[in-house]
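Q: just to be clear, the model below is a prediction. Sequence and coordinates:
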Amino acid sequence: MKKIKSVLVLMVCLLGLTACGSKEKVDDELAEALSQSSIGIIENVYNGLDEATSQDLQSEGAEGVEYVFESYFGMKVDGNGMISAFDSYLMATKEIGNLVSINNYTAEYDTSGEKIIVTVNCTFDNKTADVEFIYKKDLYHTLTSSATNINYTFSEKMAKAGLNTLMGMGTVFAVLILIYGIISLFNFIPKIEAVFSKKKDVQPTTTSVDNAISQIVESEELTDDLELVAVISAAIAAYEGSSSTDQYVVRSIRRVSNGSKWQKAL
């Protein structure tokens with residue numbers, strides 16, 4: 001018995017949730033009035049809309065659009081919302097062509113119950129589309145926005161989804177390749193640093209060689225030029241880091257009186 005009561009209570013709760021989630025039905029007279037207003041906008045505004053006209057309306061700004069709708073159609077609209085609606089309709093007609101006929105319409109509240117959504121199904125040159133109008137549940141039933149939704153077939157939707165997937169994957173792989181290329185360039189950084197560090201190394205100069213020779217000569221008691229030549233060659237080889245003196249030839253030795261005795265011997 002307790003189990004049966006529990007099941008009944010659960011069913012009542014579920015029914016209550018269903019009732020809370022259901023949309024409020026729009027009054028038939030109000031639904032008809034808003035639907036006819038929506039159809040009038042499609043036939044008298046959207047159908048004659050082109051890029052130039054859209055630009056002219058947008059140049060007037062939101063207040064200008066609101067003034068036009070109130071003056072010519074007796075409707076309260078949100079100017080910014082209608083400027084976006086113009087763009088939506090123009091973008092759609094570039095793909096589906098011009099309006100051919102209006103088929104049917106529906107009107108219902110949204111889940112919050114604060115807005116009324118009127119959907120007008122239309123046939124165009126290439127496809128059908130649903131033009132949605134969203135009205136506030138206020139005294140004037142202000143039209144806040146509108147959007148044109150193209151009705152694609154299942155195969156077209158799958159093709160678009162596949163194309164979007166490929167584009168997304170392609171973008172990811174392109175970024176990964178770019179990152180890999182940047183990381184691979186890091187291998188050249190040590191080589192570049194080595195090149196610059198070599199340039200900064202002190203290169204042997206004639207003055208430094210002369211100083212080395214002078215120090216060796218002054219520390220030795222040399223008796224003839226052959227010994228002096230040998231010492232100079234050895235000093236140069238030692239300074240250059242060479243193990244042989246065969247590549248060096250001392251062609252002349254000239255003593256100077258000023259400065260160190262052998263400072264400029266060459």
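A: Happy to help now that I have it. Numbers count the residues shown, from 1 in each chain.
Q: quick one, strands of the chain?
A: Secondary structure of the chain by DSSP state E: the strands cover 99-109, 115-124, 128-136, 143-150.
Q: which positions within stretch 93-109 qualify as buried?
A: By neighbour count on 16 or more other C-beta atoms under 10 Å, the buried set for stretch 93-109 is Thr93, Ile96, Leu99, Ile102, Tyr105, Ala107, Tyr109. For the C-beta atoms, the positions are set from N, CA and C on the backbone; glycine is no exception.
Q: let's have those residues in JSON lines, adding pLDDT and distance to Gly74.
A: As requested, the buried residues of stretch 93-109 are exported to JSON lines (pLDDT from 0 to 100; distance: C-beta to C-beta, whole Å):
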{"residue": "Thr93", "pLDDT": "93", "distance to Gly74": "26"}
{"residue": "Ile96", "pLDDT": "93", "distance to Gly74": "30"}
{"residue": "Leu99", "pLDDT": "94", "distance to Gly74": "23"}
{"residue": "Ile102", "pLDDT": "94", "distance to Gly74": "21"}
{"residue": "Tyr105", "pLDDT": "93", "distance to Gly74": "20"}
{"residue": "Ala107", "pLDDT": "94", "distance to Gly74": "19"}
{"residue": "Tyr109", "pLDDT": "93", "distance to Gly74": "23"}
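Q: quick check, nearest of those residues to Ile39?
A: Ile102 (5.9 Å; C-beta to C-beta).
Q: make sure the closest one is actually in contact with Ile41.
A: No. Using C-beta atoms under 8 Å, Ile102 is not in contact with Ile41; the gap is 11.4 Å.
Q: which one of the strands of the chain lies closest to Gly61?
A: When the strands of the chain are compared for distance to Gly61 using C-beta to C-beta, the nearest one is strand 143-150, at 16.8 Å.
Q: tell me what angle the closest one forms with strand 128-136.
A: Orientation note: strand 143-150 sits at an angle of 170 degrees relative to strand 128-136 (axes from the mean of the first three to the mean of the last three C-alpha atoms, to 10 degrees).
Q: who's in contact with strand 143-150?
A: The set of residues that contact strand 143-150 without belonging to it, under C-beta atoms under 8 Å, 6 or more residues apart in numbering, is 37, 41, 69, 75-78, 81-82, 84-85, 88-89, 91-93, 95-96, 115, 127, 129-136.
Q: excluding chain neighbours, what is closest to Lys137?
A: Glu114 (5.3 Å; C-beta to C-beta, 6 or more residues apart in numbering).
Q: gap between that neighbour and Ala129?
A: Distance check for Glu114 against Ala129: by C-beta to C-beta, to the nearest Å, it reads 26 Å.
Q: who's more crowded, those two?
A: Neighbours of Glu114 and Ala129, each counted by other C-beta atoms under 10 Å, are more numerous for Ala129; the result is 22 against 10.
Q: that one bridge partners, please.
A: The residues paired with Ala129 through beta bridges, assigned by DSSP bridges, are Cys122, Ile150.
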